[in-house]
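Colleague: how would this look folded up:
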Amino acid sequence: MPRKQNKFANRSQVNGISVAVPLVSQQSASQIDKDLDRLTEGRDGIVWELGNWPESVQAVARAKGIPLA
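Modeller: Prediction:
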């Protein structure tokens, strides 16, 4: 009997925390990590509102320690 396909098979480690990105996503967890680095660079102390962003981006942001509203 074949195993059920996992839609979150694209897993990566961000700051030692395992983060899952859906297979249908156009970016990997490492690409999201790099993009968030560029977005938040030099903007310390800002609380980011990422509620309308995909769950995979929110998960990577939490793993990186970015404060979310």
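Colleague: Count the neighbours of the nearest residue to D37 once chain neighbours are set aside for me.
Modeller: Distances taken as CB to CB, 6 or more residues apart in numbering place K64 nearest to D37, at 8.0 Å, with adjacent residues excluded. In this view, the C-beta of every residue, glycine as well, is placed from N, C-alpha and C. By other CB atoms under 10 Å, 16 other residues sit near K64.
Colleague: Same question for A59.
Modeller: Counted with other CB under 10 Å, A59 comes out at 18.
Colleague: ok, now which ones touch the residue most central in space within the chain?
Modeller: Most central in the chain under CA atoms, centre = their mean is V60, positioned 2.5 Å from the mean C-alpha point. Going by CB atoms under 8 Å, 6 or more residues apart in numbering, V60 touches V14, V19, V21, A29, I32, D33, L36.
Colleague: in the host helix or strand of A59, what counts as buried?
Modeller: Element membership of A59 [criterion: DSSP states H and E] is helix 55-64. Neighbour-count burial for helix 55-64, counted by 16 or more other CB atoms under 10 Å, picks out S56, V57, Q58, A59, V60, A61, R62, A63, K64.
Colleague: Kindly report the same for stretch 42-50.
Modeller: W48, L50.
Colleague: now the helix ranked longest in the chain against helix 55-64, angle please.
Modeller: Using DSSP state H to define each element, the chain has its longest helix at helix 29-40. For helix 29-40 against helix 55-64, the angle by axes from the mean of the first three to the mean of the last three CA atoms, to 10 degrees is 70 degrees.
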